[in-house]
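*Asks:* fold the following, please.
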Amino acid sequence: MATPNKSLLEYQKQIDTMLQAYEKPYWHPLSQLARMIEEVGEVSRILNHKYGDKPKKLSEEHQDLADELADILYTTICLANSQNIKLDPALEKAIAKLETRDKGRFKKK
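*Replies:* Numbers count the residues shown, from 1 in each chain. Alright, predicted model coming up:
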């Protein structure tokens, strides 16, 4: 169960602790990337069914967008852990870059 205000680092530690029980905790980086792309494809499929021109087949199971986005986040954390990347500072850096680069780019309310 998620804890309110839990940092990415705390999630990274939780996932790493869980996966260290396995002989091979993390897949090869290219396998992790392939899994991430599969998950992004599932998000694409959901959004295309909802907003795009491709109707959903009657035989297709319902997929929840939140679940699929969480799968992407999980695979991102696994890849970051396997590469010894701390996501909190990386995300803060990315946000700061976007706040500076795109400061006056978009119309504000």
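*Asks:* now the longest helix seen in the chain, how far from the centre of its chain.
*Replies:* Longest helix in the chain by number of residues (criterion: DSSP state H): helix 29-51. Its chain's average C-alpha position is 10 Å from that of helix 29-51, according to C-alpha atoms, centre = their mean, to the nearest Å.
*Asks:* go through it and flag the buried ones.
*Replies:* Of the residues in helix 29-51, 32, 35, 36, 39, 42, 43, 45, 46, 49 count as buried by neighbour count, 16 or more other C-beta atoms under 10 Å. Where C-beta positions appear, they are placed from N, C-alpha and C, glycine not excepted.
*Asks:* got it, and stretch 88-104?
*Replies:* For stretch 88-104, using 16+ other C-beta under 10 Å, no residue counts as buried.
*Asks:* can you pull out the helices in this structure?
*Replies:* 8-19, 29-51, 65-82, 87-101.
*Asks:* would you list those helices in a markdown table and tack on distance to residue 57 and mean pLDDT?
*Replies:* Supplementary listing: these in a markdown table, determined by distance: least, C-beta to C-beta, whole Å; pLDDT from 0 to 100:
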| stretch | distance to residue 57 | mean pLDDT |
| --- | --- | --- |
| helix 8-19 | 33 | 97 |
| helix 29-51 | 9 | 96 |
| helix 65-82 | 17 | 98 |
| helix 87-101 | 36 | 93 |
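*Asks:* can you lay out those helices as JSON lines showing distance to residue 108?
*Replies:* Shown next, in JSON lines, are the helices of the chain (distance: least, C-beta to C-beta, whole Å):
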{"stretch": "helix 8-19", "distance to residue 108": "28"}
{"stretch": "helix 29-51", "distance to residue 108": "25"}
{"stretch": "helix 65-82", "distance to residue 108": "26"}
{"stretch": "helix 87-101", "distance to residue 108": "13"}
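*Asks:* pull the number of nearby residues for residue 6.
*Replies:* Residue 6 is flanked by 10 other residues according to other C-beta atoms under 10 Å.
*Asks:* thinking again about what came up before, nearest approach to residue 107 belongs to which of the helices of the chain?
*Replies:* Nearest to residue 107 among those is helix 87-101; the distance by C-beta to C-beta comes to 16.0 Å.
*Asks:* thanks again, I'm all set now.
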